[in-house]
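Colleague: Quick one, what's the 3D model for this:
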Amino acid sequence: MQTVPVIPESAPFTLEQRAWLNGFVAGLLSRGPVNPVAAGATAPVRETLRPLTILFGSQTGSSESLAKLAAKEAGKHGFAAIVMDMVKFSPAKLAQEKNVLIITSTYGDGDPPDNAKALHAALHAPDAPRLTGLRYSVCGLGDTNYIQFCQCGKNFDAQLERLGATRASARVDCDLDYEAKFATWLKAALAALGTTEATAEIQSETSNLKSEISAPAAGHTRKNPFLAPLLCSRVLNATGSAKEVRHVEFSLEGSGLVYETGDALGVFPQNGPELVAELLTALGCDGEEAVPVPNGSTTSLRHALTAHYDLGKPSPELVSRFAAPTSGGGAATAIVVLHLIDVVLARPETRLAPVDFVRLLRPLQPRLYSISSSLRAHPGQVHLTVGAVRYEAHGRARHGVCSTFLADRCTPGTPVPVYVHSNKAFKLPVDPAAPIIMVGPGTGIAPFRAFLQERRALGAKGKNWLCFGDQRESTDFLYRDELLSWQRNGHLAQLDLAWSRDQAGKIYVQHRMIEQAAELYSWLEAGAYFYVCGDASRMAKDVDAALHKIIERAGGKSAAQAADYVQSLQAAKRYARDVY
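Modeller: Model (predicted):
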């Protein structure tokens, strides 16, 4: 397949010139091989190419892939499109642009992905430039299970307008099944940004863009998962721990699936039978009623609620339906919303036909877990490190759907639908001699166990430093024997441990980092890659703040200089985070 060459950023061209050249070459390639004799030396060159910059904010690579696909599609419709990583873009550059598409995910608690943080912050700064000559459109990628759904895309969209830019077409917020919405958004955006002729062309053609986005790759994918037999699921914590973290192994024999360290495994869970039974009772159903499921087929209501629909966070449409005034004309009463069962039990008088009820439910989505094994070290297997989620709220026991599915309802031999989710932004250095620093408390240890296995299998000479922590050393030292063995034989050049509840004052991984500030900074100066995995809302933010402080203190830099240093690490792909 032909690929469109990209003019290097180091080439002596302006952005607009680079865009024109890329588009010109893309236009030639789109026509196929050219016979110079048949074409003639004076053959006319298409002159309607319009510069278009496509910026992506991506944590795991999805937005980047869609940005490249958008550039390919734009090239078919008279645009000279270039794809740019947001980490390499500034408001000053943005002020020089005419047409821009922004494709960005949202991470953590409504935060921008790491490569979009600097641009996001700069655009919201008091000295951000006016963007009156810019026309733009935004596509946000997100997950409606999170409260701050597509918040980063919403922020970019609103701020560009505040700075004087013109919204060429409406922002679209995409859920996990984004193919149709993305295709619709892209066609509308290109039509709005294009010439009159291009607009007519885009609107009149029968585009295969949606099918191109969702076209299944060969083998097992999210659309065609592999039924992986469970090999084992064992608790890693010792007796007395307040946590339940499991080491889970699957067989991939015969699947053809391969993965790289840093990737995630998508797992399709099932809802617990007790919750399904309680919901059926609340609905006044026996479970045998025939209902549709997202794939277009029909099954029993019980099976649909077990394997096809999300029984966690209810959709706004369902909440609205159950909160509607009763037939007697009374006012709606407030419903405390935690999970679907809370909504249904709060209004038992609201009865819907099973078919109408399931149409208000979200599809049950796969859960992604960082892979904690190296395929080189464990051929034909994939390992996960899973914390079982169990808690009580409003007098009801709550359970994490997938974590307790693996812990309670899967036994050795149980086939579980899985697929590999590539994470392009969380990879080991290409140079095996490069040192790495890994910060991963709790289940954040997962990808770093994989990293260490991989580097050992490859015989990589780069030094490895791990900072791990949890509540108590006696009960929560995950993979203790493995880690201590690697420390003894020198594979782990440095192992720092933080136990938050083994003393009066809590000690976390960021405290251990600061204690080793001079050494950590010297590793960075020697070219070390810095990785973080774990909780996004607190730990990752605290570790990031500690990193800035270390660079200030050990590097003798101001806060602004430290921020620039961190940004340079991100731009060089030497600061990567897998946070959730």
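Colleague: Give me the residue ranges of the protein where confidence is low.
Modeller: Counting by pLDDT under 70, the chain has low-confidence residues at 1-48, 195-218, 324-335, 337.
Colleague: Would you tell me which strand is longest in it?
Modeller: Counting residues, the longest strand found in the chain (DSSP state E) is strand 226-235.
Colleague: List the contacts of the most centrally placed residue in the chain.
Modeller: Residue closest to the average C-alpha location in the chain (CA atoms, centre = their mean): T60, at 4.9 Å. T60 makes contacts with S105, A264, H421, S422, N423, K424, A425, F426, as judged by CB atoms under 8 Å, 6 or more residues apart in numbering. The C-beta positions use only the backbone N, C-alpha and C, and glycine is treated the same way.
Colleague: can we see that at 10 Å?
Modeller: By CB atoms under 10 Å, 6 or more residues apart in numbering, the residues touching T60 are 105, 107, 113, 262-264, 368, 421-426, 578.
Colleague: picking that back up, neighbouring strands of the longest strand of the chain in the sheet, and parallel or not?
Modeller: Next to strand 226-235 in the sheet, as set by DSSP bridges, lie strand 245-251 (antiparallel), strand 415-421 (antiparallel).
Colleague: can I get the ones you listed in CSV with distance to A536 and mean neighbour count?
Modeller: Converted to CSV, the strands paired with strand 226-235 look like this (distance: least, CB to CB, whole Å; neighbours: other CB atoms under 10 Å):
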stretch, distance to A536, mean neighbour count
strand 245-251, 18, 21
strand 415-421, 17, 20
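Colleague: which one of the ones you listed lies closest to L406?
Modeller: L406 sits nearest to strand 245-251 of all those, at 5.6 Å, using CB to CB.
Colleague: Could you list the alpha-carbon positions for the closest one in CSV?
Modeller: Provided in CSV are the C-alpha atoms of strand 245-251 (Å, rounded to 0.1, in the frame of the first residue of the first chain):
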residue,chain,number,x,y,z
VAL,A,245,-4.9,-8.2,43.8
ARG,A,246,-4.8,-11.2,41.4
HIS,A,247,-2.2,-12.5,39.0
VAL,A,248,-4.2,-13.8,36.0
GLU,A,249,-2.9,-15.9,33.2
PHE,A,250,-4.5,-16.8,29.8
SER,A,251,-3.4,-19.1,27.1
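Colleague: Report the distance from that strand to the chain centre.
Modeller: Offset of strand 245-251 from its chain centre (CA atoms, centre = their mean, to the nearest Å): 22 Å.
Colleague: Show me what secondary structure element comes after it.
Modeller: With elements assigned by DSSP states H and E, the helix or strand that comes after strand 245-251 is strand 264-267.
Colleague: which helices and strands sit right next to that next one?
Modeller: Here strand 264-267 touches strand 245-251, strand 367-370, strand 381-387, helix 401-408, strand 415-421, going by 3 or more CB pairs under 10 Å, 6 or more residues apart in numbering; DSSP states H and E.
Colleague: so which of those comes closest to A559?
Modeller: For A559, the closest of the helices and strands packed on strand 264-267 is strand 367-370, at 31.6 Å, according to CB to CB.
Colleague: Would you list the strands that the closest one pairs with, along with their directions?
Modeller: Strand 367-370 sits in its sheet next to strand 264-267 (antiparallel), going by DSSP bridges.
Colleague: what about the strands in the stretch 51-200 of the chain?
Modeller: Assigned by DSSP state E, counting those that start in this stretch, the strands in the stretch 51-200 of the chain fall at 79-85, 99-105, 135-141, 166-167, 172-174.
Colleague: Which one of the ones you listed lies nearest to V336?
Modeller: Comparing the strands of the stretch 51-200 of the chain against V336 with CB to CB, the closest turns out to be strand 172-174 (25.8 Å).
Colleague: partner strands of that closest one, parallel or antiparallel?
Modeller: Applying DSSP bridges, one finds strand 172-174 paired with strand 135-141 (parallel).
Colleague: how about the CA coordinates for the partner strand, as CSV?
Modeller: Extracted C-alpha coordinates of strand 135-141, given in CSV (Å, rounded to 0.1, in the frame of the first residue of the first chain):
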residue,chain,number,x,y,z
ARG,A,135,-11.2,27.9,11.0
TYR,A,136,-11.4,24.7,12.9
SER,A,137,-13.4,21.7,14.0
VAL,A,138,-12.9,19.3,17.0
CYS,A,139,-13.5,15.6,17.4
GLY,A,140,-13.3,14.3,21.0
LEU,A,141,-12.7,10.6,21.9
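Colleague: so T299 sits in a strand?
Modeller: Yes - assessed by DSSP: H, G, I helix; E, B strand; the rest coil, T299 belongs to a strand.
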